[in-house]
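Undergrad: pasting the sequence and the predicted coordinates here, then a few questions.
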Amino acid sequence: MQFNAALSVGAWSGNRVLDDRHGVLARAFAASASAGLSDSVRLKVDGTVYQFPQERGDDTRTALREAYLQWDGEETQVRLGPQIVAWGRADRVNPTDNVTARDYTSPLAVDETQRIGAPALSVIRELGEAGRLSLVAKRFRPSKGPSDNNELGLPARPHHDETEYALKFDRTGEAFDWSVSYFDGLEKLRSLQLVRGAGGRILGASRGYAPLRAFGVDGAATVGEWGLRGELARLRFRDTRYGTTDGRLSHWYGIAGVETNLPHAATASIQYFFRHFGEAPVLGNVTAAEEALRRRLRIANNQFHKYQDGFTVRYGQRLWNDRVDYELVGMVNLREHDYAIRPRVNVRYSDHIKFSAGADVFRGREESFFGSIKKNTVAFAEVVFIY
């Protein structure tokens with residue numbers, strides 16, 4: 001049996017839910033265990049418990065990330081139970097990764113620890129040199145976003161089918177890896193949609209999770225000292241009765257970039273991303289009340305122009321035999337000129353104690369995506385005890 005655990009205590013300047021609370025203390029305990037029940041069956045459990053003042057007092061929350069049984073055959077692997085399914089080959093921005101939810105409000109500084117598993121049955125079949133086929137059937141579980149608490153007053157849109165399906169064919173070669181994928185389910189991060197009454201009259205806005213079908217391709221290749229990565233997805237939403245501008249718009253979502261290793265154990269990457277909507281989100285020829293609602297939808301759904309694009313950059317380095325590492329990540333939207341910057345530094349004092357510090361900085365005008373969440377600009381410092 002294998003067992004790993006970590007206890008972290010950190011001081012945060014904010015609590016990641018867009019309120020005005022400052023100077024909060026976060027405590028988190030994460031543990032994972034796996035055990036072989038037989039030659040072909042294994043059990044894995046991974047969970048987190050944390051206290052982070054958000055809704056009421058020292059709000060305590062639990063997250064069972066994974067708890068599944070895994071059977072391994074000669075060419076087939078089957079997993080049953082809550083599990084995480086992560087797709088995509090680009091650096092952190094993954095248009096094809098629509099299967100698993102995330103908790104964007106947790107006091108967990110590492111991106112991968114934000115993922116939340118959901119009850120699922122997954123089957124992976126090795127096809128020899130042809131590649132690998134993955135099939136997933138799962139229950140819907142939504143992401144938790146920073147605006148959730150502020151939007152509780154909006155009416156919730158029902159979603160009738162919470163069963164989701166995903167399929168991926170993956171090919172790994174010597175010089176080029178690629179895959180094609182399909183997902184049929186619900187979006188994981190909420191969207192807002194206009195509510196209409198008799199005759200199409202607009203009454204307000206609602207909050208919910210739009211039905212989504214996503215077709216995706218991704219690839220990665222190495223050319224000399226450069227790594228090339230990219231993803232492209234067609235996201236089709238089916239959540240509108242009166243017109244596509246009432247809510248989430250179907251669109252193409254893509255990203256492509258390069259990365260390389262630099263001297264002194266450093267790495268760097270740059271990526272270009274874009275979204276191309278089927279129609280432009282419009283504000284003209286509407287009443288003042290409708291214009292205010294549509295502006296709120298533009299921000300909440302990150303839909304400002306028919307074509308939106310931007311860049312991500314990352315630079316990181318490991319020092320002193322990997323006892324210290326740091327990273328600087330940035331993202332900018334070119335049309336709205338809003339941006340996010342995220343520095344991180346980790347110091348490994350010993351095999352059992354690690355110190356971490358960092359910040360999430362969001363800037364931009366109020367009617368922009370990163371500008372709308374600038375209250376979530378936080379700095380933190382924590383100590384992690386590893387068992």
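TA: That came in fine, so what should we check first?
Undergrad: residues contacting the nearest residue to residue 323 once chain neighbours are set aside?
TA: Leaving aside its sequence neighbours, residue 323 sits nearest to residue 348 (C-beta to C-beta, 6 or more residues apart in numbering; 4.9 Å). C-betas here are computed from N, CA, C, even on glycine. Residue 348 makes contact with 322-324, 354, according to C-beta atoms under 8 Å, 6 or more residues apart in numbering.
Undergrad: ok, of these, which come out buried?
TA: residue 354 (16 or more other C-beta atoms under 10 Å).
Undergrad: how near is residue 171 to residue 258?
TA: 21 Å (C-beta to C-beta, to the nearest Å).
Undergrad: what's the answer for residue 64, then?
TA: 38 Å.
Undergrad: repeat that for residue 5.
TA: From residue 5 over to residue 258 (counting by C-beta to C-beta), the distance is 38 Å.
Undergrad: the two: who's more crowded?
TA: Ranked by neighbour count (other C-beta atoms under 10 Å), residue 5 and residue 258 place residue 258 first, with 16 against 12.
Undergrad: wait, that one sits on residue 230?
TA: No. If you go by C-beta atoms under 8 Å, residue 258 and residue 230 don't touch, sitting 9.8 Å apart.
Undergrad: can you put the contacts of residue 348 in JSON lines and add distance to residue 312 and secondary structure?
TA: Below are these laid out as JSON lines (distance: C-beta to C-beta, whole Å; DSSP: H, G, I helix; E, B strand; the rest coil):
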{"residue": "322", "distance to residue 312": "25", "secondary structure": "coil"}
{"residue": "323", "distance to residue 312": "27", "secondary structure": "coil"}
{"residue": "324", "distance to residue 312": "24", "secondary structure": "strand"}
{"residue": "354", "distance to residue 312": "26", "secondary structure": "strand"}
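Undergrad: following the host helix or strand of residue 119, which helix or strand comes up?
TA: In this assignment (DSSP states H and E), residue 119 forms part of strand 118-126. Heading C-terminal from strand 118-126, the first helix or strand you meet, by DSSP H and E, is strand 132-139.
Undergrad: what comes up buried for that next one?
TA: Going by 16+ other C-beta under 10 Å, strand 132-139 has these buried residues: 132, 134, 136, 138.
Undergrad: which regions of the stretch 151-300 of the chain sit below the pLDDT cut-off?
TA: Low-confidence segments of the stretch 151-300 of the chain (pLDDT under 70): 239-245, 282-285.
Undergrad: let me redo that: the stretch 1-150 of the chain
TA: Scanning the stretch 1-150 of the chain for pLDDT under 70 picks out 56-58.
Undergrad: swap the cut-off to 90 and go again
TA: Applying pLDDT under 90 to the stretch 1-150 of the chain flags residues 1, 19-23, 53-64, 108-112, 129-130, 149-150.
Undergrad: what residues sit buried inside the longest helix that the chain contains?
TA: In the chain, assigned by DSSP state H, the helix with the most residues is helix 288-300. Buried residues in helix 288-300, counted by 16+ other C-beta under 10 Å: 293-294, 296-300.
Undergrad: spatially central residue for the protein, please.
TA: By C-alpha atoms, centre = their mean, the chain has its centre lying nearest to residue 102, at 5.4 Å.
Undergrad: and that residue, that one's in a helix?
TA: No. Using DSSP: H, G, I helix; E, B strand; the rest coil, the secondary structure at residue 102 is strand, not a helix.
Undergrad: for it, what are its contacts?
TA: Counted by C-beta under 8 Å, 6+ apart, residue 102 has contacts 114-116, 143-144, 188.
Undergrad: number of residues surrounding residue 93?
TA: So residue 93, with other C-beta under 10 Å, has 16 neighbours.
Undergrad: where does it land in three-state SS?
TA: coil.
Undergrad: tell me the backbone dihedrals of it, please.
TA: The phi and psi values for residue 93, taken as degrees, to the nearest 10, are phi -100, psi 110.
Undergrad: make sure it is actually in contact with residue 255.
TA: Yes. Applying C-beta under 8 Å, one finds residue 93 in contact with residue 255, separated by 5.3 Å.
Undergrad: common neighbours of the two, please.
TA: What both residue 93 and residue 255 touch, as defined by C-beta under 8 Å, 6+ apart, is the set 271, 273, 312.
Undergrad: looking at those residues, spot the one nearest residue 52.
TA: Comparing the shared contacts of residue 93 and residue 255 against residue 52 with C-beta to C-beta places residue 312 closest, at 26.8 Å.
Undergrad: can you pull the contacts of that closest one?
TA: 91-93, 255, 257, 269-271, 273, 329-331.
Undergrad: returning to that earlier point: what is the residue nearest to residue 323 paired to in the beta sheet?
TA: Note on residue 348: beta-bridge partners by DSSP bridges are residue 354.
Undergrad: for residue 211, same thing?
TA: On the basis of DSSP bridges, residue 211 is bridged to residue 186.
Undergrad: how deep is it tucked in, by neighbour count?
TA: By the criterion of other C-beta under 10 Å, residue 211 has 18 neighbours.
Undergrad: how about the CA coordinates for the helix or strand where residue 64 lies, as PDB?
TA: Using DSSP H and E, residue 64 sits in strand 60-72. Extracted in PDB, the C-alpha atoms of strand 60-72 (Å, rounded to 0.1, in the frame of the first residue of the first chain):
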ATOM      1  CA  THR A  60     -14.800  23.900   6.000                       C
ATOM      2  CA  ARG A  61     -15.100  22.100   2.700                       C
ATOM      3  CA  THR A  62     -14.100  18.600   1.500                       C
ATOM      4  CA  ALA A  63     -13.300  17.400  -2.000                       C
ATOM      5  CA  LEU A  64     -13.100  13.700  -2.900                       C
ATOM      6  CA  ARG A  65     -11.000  14.000  -6.000                       C
ATOM      7  CA  GLU A  66     -10.800  10.300  -6.700                       C
ATOM      8  CA  ALA A  67     -11.900   7.000  -5.300                       C
ATOM      9  CA  TYR A  68     -12.000   4.300  -7.900                       C
ATOM     10  CA  LEU A  69     -11.300   0.600  -8.500                       C
ATOM     11  CA  GLN A  70      -8.900  -0.100 -11.400                       C
ATOM     12  CA  TRP A  71      -8.700  -3.400 -13.300                       C
ATOM     13  CA  ASP A  72      -5.800  -4.000 -15.600                       C
END
